[in-house]
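Undergrad: Quick one: sequence and predicted model below, then my questions.
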Amino acid sequence: MPSPAGPAELLSDLAVALAAIDARWYVFGAQAALVWGRPRLTTDVDVTVRCSVSTDHLVRVLDAHGFVLRIDATETFIRATRVVPLEHRASGLALDVVLAGPGLEDLFLERAIPIDVAGTLVPFISPEDLIVTKVLAGREKDIEDVRGVLSERGATLDVDRIRTTLGLLEDALGQSDLMPVFDDELGRWQRSGQ
């Protein structure tokens, strides 16, 4: 059972662990949607990490700071999925550490915004980049998160940056269905009177 202070406690321990190996990182997913959008139920934390140490070393450092593997994640599993599935011992919350790949995640790292979480500065994906990731994921709950971010931050969002990033993704993936999803949601928000 997660503790009430779970996410803040987890993020504080994670910040210390990742600082120890000079890693760059940001929070994305549902926790970022809580910061930039509307509250919703979530029981896990998702982060993207770029570090120069081996995955084994990363796991050992995280273990020393209160994180344990949730499953018997082999090096092969982690290499194939780019995800290190952990649990924070103190809070009982799940933590998925996504190992950053080149390109878009580097941009997201550069544009991450530090937010004070119970006295710890934690880098969060920008609201624009969060929208991009949510449109890409495309599940109903992700689109609801897009609506929440538009509702709470729409007037201050860099819409051109969102469109440019979605365009880059469409080109890279050979698809043309991302921009229309965003434009539909943006239009819906604009028609609602903001």
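TA: Structure received.
Undergrad: Now do the strands in the chain.
TA: Assigned by DSSP state E, the chain shows strands spanning 24-28, 44-50, 67-69, 83-88, 94-99, 113-117, 120-124.
Undergrad: Identify whichever of those lies nearest to Gly37.
TA: With CB to CB, the closest approach to Gly37 among those belongs to strand 120-124: 11.7 Å. Bear in mind the C-beta positions are built from the backbone N, C-alpha and C, glycine included.
Undergrad: buried set for that closest one?
TA: Of the residues in strand 120-124, Thr120, Val122, Pro123, Phe124 count as buried by neighbour count, 16 or more other CB atoms under 10 Å.
Undergrad: Redo the strands of the chain as TSV? Include distance to Arg60.
TA: Below are the strands of the chain laid out as TSV (distance: least, CB to CB, whole Å):
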stretch	distance to Arg60
strand 24-28	17
strand 44-50	14
strand 67-69	10
strand 83-88	12
strand 94-99	13
strand 113-117	25
strand 120-124	22
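Undergrad: Same list (these) but as CSV, adding mean pLDDT and distance to Leu58.
TA: Converted to CSV, the strands of the chain look like this (pLDDT from 0 to 100; distance: least, CB to CB, whole Å):
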stretch, mean pLDDT, distance to Leu58
strand 24-28, 97, 11
strand 44-50, 95, 7
strand 67-69, 94, 10
strand 83-88, 94, 7
strand 94-99, 95, 8
strand 113-117, 95, 22
strand 120-124, 96, 17
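Undergrad: Tell me which of those lies nearest to Glu9.
TA: Closest to Glu9 of these is strand 83-88 (CB to CB; 7.3 Å).
Undergrad: Output the contacting helices and strands for that closest one.
TA: Contacts defined by 3 or more CB pairs under 8 Å, 6 or more residues apart in numbering; DSSP states H and E place strand 83-88 against helix 6-20, helix 55-64, strand 67-69, strand 94-99.
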